[in-house]
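**Student:** I would like the atomic coordinates for the input below:
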Amino acid sequence: MTETPKPKRSLAGIAGIVAIATLISKVVGLIRQLAIAFAFGVGTAKAAYDISVIIPSFFLILLGGINGPFHSAMVSALAKRRKEESAPLVEAISTLIGLVFLVVSLIVFFFAPFFIDLLASGLRQTAQGLETRTIAIQQLQIMAPIAWFAGMIGIGFGTLNAADQYWLPSISPLLSSLTLIIGIGIFILTAGTQVTNPNYALIGGMVLATGTLLGTVLQWLAQFWAQRQSGLGRFRVRFVWNDPGVREVFRVMGPALFSSGMLQINVITDLTFAAYLPNAVAAISSLDYANLLVQTPLGLLSNMILVPFLPIFSRLADPSQADELKARIRQGLLITAIAMLPLSALTIALSTPIVRVVYERGAFQPEATQLVASVLMAYAAGMFVYLSRDVLVRVFYALGDGDTPFRISIVNIFLNALFDFLLYRPFGIVGIVLATVSVNILSVFALLYFLDRRLNRLPLLEWSYPILGLTIGSFIAGTASWFISNAIANFSSLNGFWLALAQMTIAGSVGLGLFALIASQLRLPEVDLFTDRIRQRLRR
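**Tutor:** Residues are numbered from 1 along each chain as shown. Predicted coordinates:
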């Protein structure tokens with residue numbers, strides 16, 4: 001008798017598992033960030049960590065992330081093979097990748113001073129900057145092995161997904177956050193009231209680096225245990241160079257690795273210019289704090305918007321269905337506008353109460369709140385174009401054209417550096433964020449231009465009218481929220497956290513209600529579609 005294969009999960013079931021795991025990971029990640037803010041504020045240890053973690057994060061995002069090159073390559077190769085054929089291939093790929101990134105880890109360790117100076121050479125200008133540089137070098141040396149573990153995590157992620165296992169790979173990143181939270185908790189209990197003392201910056205920096213490394217190790221161990229239990233490979237050295245499966249994995253992995261790496265260069269460019277600011281330490285820390293507040297809703301909403309449209313765009317790639325594809329592109333952009341424009345306006349209007357509610361406690365003082373709030377406003381201004389760019393890029397991928405988005409990304413690297421140079425002196429850290437927003441705006445126009453030519457004209461003027469209406473509605477909602485927030489501050493007896501919470505909830509609710517009223521008057525079918533999708537998610 002032959003064994004009956006286990007039925008594959010449906011796409012909806014997979015999406016549900018990944019969505020729940022992503023939400024849990026993001027919540028724990030936010031708690032991790034709150035712990036960091038409480039213990040370190042925008043001080044030296046946090047700034048050093050933000051610099052030193054760039055390279056480890058680069059590897060974790062690029063190699064170990066979902067839809068990353070390692071994940072995609074392993075899924076594409078293993079999905080075509082029987083289970084008994086998978087383990088030798090996984091072991092062979094792990095051996096080859098492990099050797100490469102063992103060398104990379106050693107290079108990062110021994111050349112840590114060079115990499116820190118490359119990332120933030122401006123730190124040499126002040127005494128605080130030199131202290132930050134010293135701590136960052138030691139942190140990077142501690143985290144150097146993450147390069148190896150990131151490669152193994154990416155391989156494990158793809159291997160388990162190809163075997164129809166999604167929960168553990170998707171939930172395993174929260175182990176990193178939990179480990180860091182525990183480490184910071186022990187540090188706070190040990191240091192007591194001295195936790196904000198500048199003399200503890202070095203110890204705090206080591207806690208952050210060690211917690212990050214241990215969390216990554218635990219994430220890999222969890223995945224490796226699942227692989228071994230499923231018969232998908234052991235910790236075994238297997239040198240196989242000419243196997244067709246190995247060649248297939250590297251054929252997919254190479255271009256994807258190069259293309260994905262381009263996205264990280266802009267982050268490094270921004271950090272390089274931020275290091276030359278007079279308040280470099282606080283400026284660098286503020287980027288990370290504000291970016292998390294923007295990326296959390298962006299990440300959740302992007303899954304809701306992008307995931308359903310990807311297969312739709314692909315099914316409509318045939319030239320005979322160009323009109324339907326254009327309608328779906330309009331639909332994707334308008335749903336993005338409905339979600340992002342009011343969120344952007346309300347975030348700008350309520351930036352200070354938001355930062356105060358989320359971060360202001362412990363070492364995170366009111367001065368830090370004002371700085372992070374200004375950066376948050378700049379990030380929020382680009383939320384719509386950020387997600388619109390992702391929608392348009394997916395259309396090109398569906399059409400089998402990865403070259404056009406890649407070429408635009410190459411140009412964006414130089415534009416981002418130019419705009420950083422022009423804006424960082426007059427506007428400080430806010431100027432650096434605005435440079436990124438400007439590049440994203442130009443990216444959207446460039447993608448629309450080439451898509452217009454590819455699809456023999458898009459009705460761009462027709463699309464612009466509802467987007468303009470939604471923009472005006474968002475502006476009115478944001479303005480109303482700002483006035484209500486100020487009225488609460490002036491006439492309420494509340495103060496501190498409770499005042500900020502009242503401002504955020506009351507003013508935000510009024511703003512959202514006002515936008516919903518205005519949007520309903522525009523008679524857009526996308527408004528009903530977006531509302532229905534929200535209701536479906538809430539029911540689940």
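**Student:** which residue is nearest the middle of this protein?
**Tutor:** A centroid search over the chain (C-alpha atoms, centre = their mean) returns Gln295, at 5.8 Å, as the residue closest to the centre.
**Student:** Okay, and it sits in which element?
**Tutor:** Gln295 belongs to helix 280-315 when elements are defined using DSSP states H and E.
**Student:** average pLDDT for whichever helix or strand comes after that helix?
**Tutor:** Per DSSP H and E, the first helix or strand lying C-terminal to helix 280-315 is helix 322-349. pLDDT averaged over helix 322-349 equals 92, rounded to a whole number.
**Student:** CA atoms only: put the next helix or strand after helix 322-349 into PDB for me.
**Tutor:** Using DSSP H and E, the helix or strand that directly follows helix 322-349 along the chain is helix 351-359. What follows is the C-alpha trace of helix 351-359 in PDB, where atoms were taken according to Å, rounded to 0.1, in the frame of the first residue of the first chain:
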ATOM      1  CA  SER A 351       2.700  62.600  16.300                       C
ATOM      2  CA  THR A 352       3.600  64.000  19.700                       C
ATOM      3  CA  PRO A 353       0.800  62.200  21.700                       C
ATOM      4  CA  ILE A 354       1.500  58.900  19.800                       C
ATOM      5  CA  VAL A 355       5.200  59.000  20.700                       C
ATOM      6  CA  ARG A 356       4.400  60.000  24.200                       C
ATOM      7  CA  VAL A 357       2.000  57.100  24.700                       C
ATOM      8  CA  VAL A 358       4.300  54.500  23.200                       C
ATOM      9  CA  TYR A 359       7.700  55.500  24.300                       C
END
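**Student:** chain center to helix 351-359: distance?
**Tutor:** Helix 351-359 has its average C-alpha position 20 Å from the chain's average C-alpha position, going by C-alpha atoms, centre = their mean, to the nearest Å.
**Student:** what does stretch 491-500 give?
**Tutor:** In terms of C-alpha atoms, centre = their mean, the centre of stretch 491-500 is found 32 Å from the chain centre.
**Student:** Quick check: buried residues in it?
**Tutor:** With burial defined by 16 or more other C-beta atoms under 10 Å, the residues of stretch 491-500 counted as buried are 499-500. Every C-beta, even on glycine, is put in place using the N, C-alpha and C of the backbone.
**Student:** tell me how far the ends of that stretch are from each other?
**Tutor:** When the termini of stretch 491-500 are compared using C-alpha to C-alpha, to the nearest Å, they are 13 Å apart.
**Student:** Just the residues contacting it, thanks.
**Tutor:** Under the contact criterion C-beta atoms under 8 Å, 6 or more residues apart in numbering, stretch 491-500 has outside partners 352-354, 356-357, 360-361, 488-489, 502.
**Student:** 7 Å - rerun?
**Tutor:** 353, 356-357, 489, 502 (C-beta atoms under 7 Å, 6 or more residues apart in numbering).
**Student:** Out of those residues, which is nearest to Pro88?
**Tutor:** Proximity of the contacts of stretch 491-500 to Pro88, judged by C-beta to C-beta, is greatest for Val357, which lies at 52.7 Å.
**Student:** which residues of the stretch 401-540 of the chain fall in helices?
**Tutor:** 403-454, 460-491, 496-502, 508-521, 525-539 (DSSP state H, counting those that start in this stretch).
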